[in-house]
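Student: What follows is a predicted structure for the sequence shown.
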Amino acid sequence: MKKIDAVMKIFYLDELLTELFKDLYDEGLTNIYENFSCLKELKKCAYVFLDPDIYGDDLSVHLTYVFEIDFAYDEFVDETVAKQPDMNEEMDSEDIIELCMNLAEVECERYNVHGKWKEMGVDFKIADTKLIVDLINKFVGKDVSKTLHNYSSYQILEEELREDLKAKLSETV
C-alpha cells in the first residue's frame, strides 16, 4: 500500500468517526463527547507521514468535501503527491507496524472510555464501533481483533502486540 493511500484511509476513518460522535455533541452531551476526544489522536497517525511544512495547521481546511466529491479527492491526492513525492512510495513493514501501533493506542483509548461509560450504565452504540480495528486489519492483511481486544483490556503488553502484528504481517507479505 502506498503511503498516500494509508493516509487517506485514516482521514476517511476520522471523518466517519467524527460524523458518528458529532451526534453526542449536537444533542448537548458535550461532557460525553469530550471524553471521546481521544479520537482526535487518529489524525496524528496520518500526520506522521505528511511534511508539516506542506499543510501546516490548515490541513482540515484542505480536507473539506474531499470525501464527498470524487474530483476533490483526486485533486487533494495529486496535490499532496506533487508536493511530497515520497507519499507515492510503497510503505515498508516497519511503517505499517508503527502506523498500526499508533492506531492501536487510539483504539485502546476508545475501548476504555466506552467501557467506563458502560460500567456506569450508559451504553452508546455509536461508541461501540469496530472501525479502527477494521482499518488495522486492512493494513496488516489479517484479523487482529482478538489481539487488539487483549491489548485494550491490558491482557497483553505493547511488545506482545507489536510481535503479533509483525507475525501476521509477515504471513501476508
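Tutor: Nice, I can see it.

Student: And residue 67, its phi and psi?
Tutor: Residue 67 adopts backbone torsions of phi -90, psi 0, taken as degrees, to the nearest 10.

Student: Check the one 10 residues further on too.
Tutor: According to degrees, to the nearest 10, the main-chain angles of residue 77 amount to phi -60, psi -50.

Student: again with residue 64
Tutor: Torsion angles, degrees, to the nearest 10, at residue 64: phi -60, psi 130.

Student: residues near it, how many?
Tutor: Look at residue 64: counted by other C-beta atoms under 10 Å, it has 11 neighbours. Glycine gets a C-beta too; all of them are placed from N, C-alpha and C.

Student: Which single helix of the protein contains the most residues?
Tutor: Counting residues, the longest helix found in the chain (DSSP state H) is helix 93-119.

Student: Let me know the next secondary structure element after that helix.
Tutor: helix 131-140 (DSSP states H and E).

Student: contacts for stretch 126-134?
Tutor: Stretch 126-134 is contacted from outside by 13, 16-17, 20-21, 23-24, 36, 42, 103, 106-107, 110, 113-114, 117, 144-145, 148, using C-beta atoms under 8 Å, 6 or more residues apart in numbering.

Student: and it, how far out from the chain's middle?
Tutor: 10 Å (C-alpha atoms, centre = their mean, to the nearest Å).

Student: same question, stretch 148-165
Tutor: 17 Å.

Student: State the mean pLDDT of it.
Tutor: The predicted model gives stretch 148-165 an average pLDDT of 96.

Student: quick one, which residue of this protein lies the farthest from its center?
Tutor: residue 121 (27.2 Å; C-alpha atoms, centre = their mean).

Student: Distance check, that one against residue 78.
Tutor: 49 Å (C-beta to C-beta, to the nearest Å).

Student: which intervals of this protein have sub-threshold pLDDT?
Tutor: 57, 173 (pLDDT under 70).
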